[in-house]
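> Fold the following and give me the result.
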Amino acid sequence: MATRRGNADRLARALAIVLGTGDIPLRLRAWDGSEAGPEGAPVLEFRSRRALRRILWSPGQLGLSRAYVSGDIDAPGDIFAAFTALSSAGKFAEPGPFKPLTPGELWTLFGTAVRLGALGPNPAPPAEEARVAKKGRVHSRRRDSAAISHHYDVGNDFYSLVLGPSMVYSCAVWPDATPSEAVEGQEPAGSSLANGLDAAQEAKLDLVCRKLGLTAGMRVLDVGCGWGSFALHAAGKYGATVVGVTLSNEQAILARKRAADAGLTGSVDIRVQDYRDVDDGPFDAISSIGMSEHVGRAEMPRYTAALFNLLRPGGRLLNHAISWNAGPTDPDPDSFIPRYVFPDGEMISLGEMSLALESAGFEILDVEALRRHYALTLRAWVSRLEEHWDEAVKLTSLGRARVWRLYMASSALGFENGLTGVNQVLVQRPGGNPPPLRRTDWI
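Residues are numbered from 1 along each chain as shown. Next up, the predicted model:
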């Protein structure tokens, strides 16, 4: 049996092999209390030998993800500090799939597992891991429905805890003075951001309405309408008639209730419907906020063509989407996000999105980058989740809450370091009234 110091030392060397780095920028704590790594560094805790066993069976991001979601690995301190350190190490700092271990590295990892008594059968994946790959071809209607259900049908009460009263699940738009305690090179505390989240989300909804040029009586399609927040804002503040489509039954149920509570059932029609099946156009304007990430690169031409055909001549489309900023990389189906968060999700670059919209026949009117806004939004969501942690666990599961904490914290870091971005691309179908000469209507 290894010594108390040897457990942590050997774990550190094993993790260094998996990450492809010489030194681990973390303080590792083994299940016996032994520690190794730089003093004062963020702590990564291996709670049981099963954590190493998971990594041995899946020596990459998948094994580490399973160990974290199951609770075999934990980051007991500041989640942002821990994952900032981890994301700077070796393979985590390189976009794209983890490079596989060499036979020699696998043999060394196996030897470490033997010495630490961690050998055994492959542990079952956490229940929160997605299994939509059995639902047919990628981006078929059936599989898209399963993928959306995995992410969104986890309980409206859970989402309310994280998102707050606005129930908007996309990047908010923050004022320049957000918030007073921010310092150069450091994002402000999540707790202070959470206090301004609802106002920032309302500002985003209103910005979209202004960019679309909404006026009373206009007919609007909201693709991927979520819990109906944009539809309610467009109908209630601008007098529009809105059709919202979602593939999530739970979202539709709450969106309809919110419309009824607001007295807007005559103006807001929420449907459980694939955007490809909407056949009652034309619409005067279309919003797609945080939905096209689910479409996929191969389906993007069909998506943009469908929305073009649903718009009247002169009508505007606002496409609000996360972008991949790190250059061409191969997708990794065994990474954390597709396995636990967005099955079959795919981010494309701003250039690819703009080309797809122009190829469908749209004219681009405006592009606004909101990358830093999403980092702030995610930090506010993490703050709300941690503040309501015990209730969140009761509403879903401990594993699900851990998935969301990791997903939102790591995503915030991705936006902060520029690996990902988010952009609002405003386009118009040719014909009808000409576009404005300046952007003063929405700036």
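> the longest helix in this structure is where?
The longest helix of the chain (DSSP state H) is helix 398-416.
> next structured bit after it?
strand 420-428 (DSSP states H and E).
> That next one pairs with which strands, and in what direction?
Using DSSP bridges, strand 420-428 pairs in its sheet with strand 311-324 (antiparallel), strand 363-369 (antiparallel).
> Assign Gly296 to helix, strand or coil.
Put simply, Gly296 is coil when judged by DSSP: H, G, I helix; E, B strand; the rest coil.
> most neighbours per residue, which of the strands paired with strand 420-428?
strand 311-324 (a mean of 22; mean count of other C-beta atoms under 10 Å). Quick note: C-beta positions are derived from backbone N, CA and C, even for glycine.
> After that strand, heading C-terminal, what element do we hit next?
Reading on from strand 311-324 to the C-terminus, the next helix or strand found by DSSP H and E is helix 336.
> could you say what helices and strands whichever helix or strand comes after that following helix packs with?
Note on helix 336: by DSSP H and E, the next helix or strand toward the C-terminus is helix 350-359. On a contact count with 3 or more C-beta pairs under 8 Å, 6 or more residues apart in numbering; DSSP states H and E, helix 350-359 meets helix 300-310, strand 311-324, strand 363-369, strand 420-428.
> what angle do the longest helix of the chain and strand 311-324 make?
Interaxial angle, helix 398-416 versus strand 311-324 (axes from the mean of the first three to the mean of the last three C-alpha atoms, to 10 degrees): 100 degrees.
> what's the burial count for Ala16?
Per other C-beta atoms under 10 Å, the neighbour tally for Ala16 reads 15.
> Compare the strands paired with strand 420-428 and give me the one nearest Lys99.
Across the strands paired with strand 420-428, Lys99 has its closest neighbour in strand 311-324 (19.3 Å, C-beta to C-beta).
> quick one on the thing from earlier: could you dump the helices and strands packed on helix 350-359 to a markdown table with distance to Glu128?
Converted to a markdown table, the helices and strands packed on helix 350-359 look like this (distance: least, C-beta to C-beta, whole Å):
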| stretch | distance to Glu128 |
| --- | --- |
| helix 300-310 | 28 |
| strand 311-324 | 22 |
| strand 363-369 | 32 |
| strand 420-428 | 23 |
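> can you tell which of the ones you listed is closest to His233?
In terms of C-beta to C-beta, the element of the helices and strands packed on helix 350-359 nearest to His233 is strand 311-324, at 13.1 Å.
> how about a markdown table for the strands paired with strand 420-428, with distance to Ala298 added?
Below are these laid out as a markdown table (distance: least, C-beta to C-beta, whole Å):
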| stretch | distance to Ala298 |
| --- | --- |
| strand 311-324 | 15 |
| strand 363-369 | 22 |
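> between the ones you listed, which gets nearest to Gly351?
Closest approach to Gly351 among these is made by strand 311-324 (8.7 Å; C-beta to C-beta).
> what pLDDT, on average, does the closest one get?
Averaged across strand 311-324, pLDDT comes to 97.
> what sits against the spatially closest residue to Val43 that is not a sequence neighbour?
Using C-beta to C-beta, 6 or more residues apart in numbering and skipping residues adjacent in sequence, the residue nearest Val43 is Arg27, 4.8 Å away. With contact taken as C-beta atoms under 8 Å, 6 or more residues apart in numbering, Arg27 is in contact with Glu35, Ala36, Gly37, Pro38, Glu39, Gly40, Ala41, Pro42, Val43, Leu44.
> Equivalent analysis for Tyr303, please.
For Tyr303, the contacting residues are Tyr275, Ser292, Val295, Ala356, by C-beta under 8 Å, 6+ apart.
> Excluding chain neighbours, give the residue nearest to the first one in space.
Meaning Tyr275. Per C-beta to C-beta, 6+ apart, closest to Tyr275 is Val223, 4.9 Å.
> pLDDT score assigned to the one you found?
For Val223, the pLDDT comes out at 98.
> Quickly list what it is bridged to.
Going by DSSP bridges, Val223 forms beta bridges with Val245, Ser288.
> any idea how far Thr329 is from Ser88?
Using C-beta to C-beta, to the nearest Å, one obtains 18 Å as the distance from Thr329 to Ser88.
> scratch that, Ala298 is what I was asking about
The gap separating Ala298 from Ser88 is 33 Å, by C-beta to C-beta.
> Show me which of these two is the more surrounded one.
A side-by-side neighbour count of Ala298 and Ser88, using other C-beta under 10 Å, places Ser88 first with 13 against 10.
> give me every residue that touches that one.
Going by C-beta under 8 Å, 6+ apart, Ser88 touches Pro25.
> one step back: what's the closest of the helices and strands packed on helix 350-359 to Ala51?
Of the helices and strands packed on helix 350-359, nearest to Ala51 by C-beta to C-beta is strand 420-428, at 28.0 Å.
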